[in-house]
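>>> My questions concern the predicted model and sequence given below.
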Amino acid sequence: MRIISEHTTICIKCGRLMQCDRAGIRVKELFMQNKAIYRVWVADLMGCPECGHQIVARFAEKPIAEHWQKEIMEGALKACESKTLGVDLFEWREYVPK
C-alpha cells in the first residue's frame, strides 16, 4: 500500500511517483529583480525514475536564513560554496515581467 501525503510528487509527463534524488539541498530565494538573496531554504531534489525530469520540492517549514540575518546568511552561503555540507545550491528566481 502506497502512502500519499501533501509531499507526494508525480511526474506530469510519465505519471510516475517521483523519488528523492538528493535530500537537503539549499535554495536561494531571490528578490529585487533577482539581484539579492531574500531567504535560504532547505529542500529536496526530486526526480522521475522514468524520464529523469527533476523538481525542487518538500521545502522546510521555515528558511534557515533571511536577508536581515547577515551573519547567518553568510554562514549558510559559505557552507554551500565550500561544499562542506555536500549539497548543491539552487536559485528560486522572482518572476519579473518583461
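Alright, I've got the coordinates.
>>> C-alpha only now, for contacts and for neighbours.
Will do.
>>> contacting residues for the residue nearest to Cys48 when sequence neighbours are not counted?
Distances taken as CA to CA, 6 or more residues apart in numbering place Met18 nearest to Cys48, at 4.6 Å, with adjacent residues excluded. By CA atoms under 8 Å, 6 or more residues apart in numbering, the contact list for Met18 reads 8-11, 46-49.
>>> nearest to Arg26, of the residues you listed?
Met46 (13.3 Å; CA to CA).
>>> my read: the closest one touches Asp21, true?
Yes. Using CA atoms under 8 Å, Met46 is in contact with Asp21, at 5.3 Å.
>>> Between the two, which has more neighbouring residues?
Met46 (23 against 14; other CA atoms under 10 Å).
>>> Which helix or which strand is home to the more buried one?
strand 36-47 (DSSP states H and E).
>>> Would you list the strands that that strand pairs with, along with their directions?
The sheet places strand 36-47 alongside strand 19-31 (antiparallel), strand 54-57 (antiparallel), strand 65-66 (antiparallel), with pairing taken from DSSP bridges.
>>> between the ones you listed, which gets nearest to Glu81?
Comparing the strands paired with strand 36-47 under CA to CA, the one sitting nearest is strand 19-31, at 10.8 Å.
>>> So Val56 versus Ile25, what's the distance?
For Val56, the distance to Ile25 equals 9 Å [CA to CA, to the nearest Å].
>>> wait, I meant Arg93
16 Å.
>>> got JSON lines for the contacts of Met18, with distance to Val40 too?
Output for those, formatted as JSON lines (distance: CA to CA, whole Å):
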{"residue": "Thr8", "distance to Val40": "23"}
{"residue": "Thr9", "distance to Val40": "22"}
{"residue": "Ile10", "distance to Val40": "25"}
{"residue": "Cys11", "distance to Val40": "26"}
{"residue": "Met46", "distance to Val40": "18"}
{"residue": "Gly47", "distance to Val40": "22"}
{"residue": "Cys48", "distance to Val40": "25"}
{"residue": "Pro49", "distance to Val40": "28"}
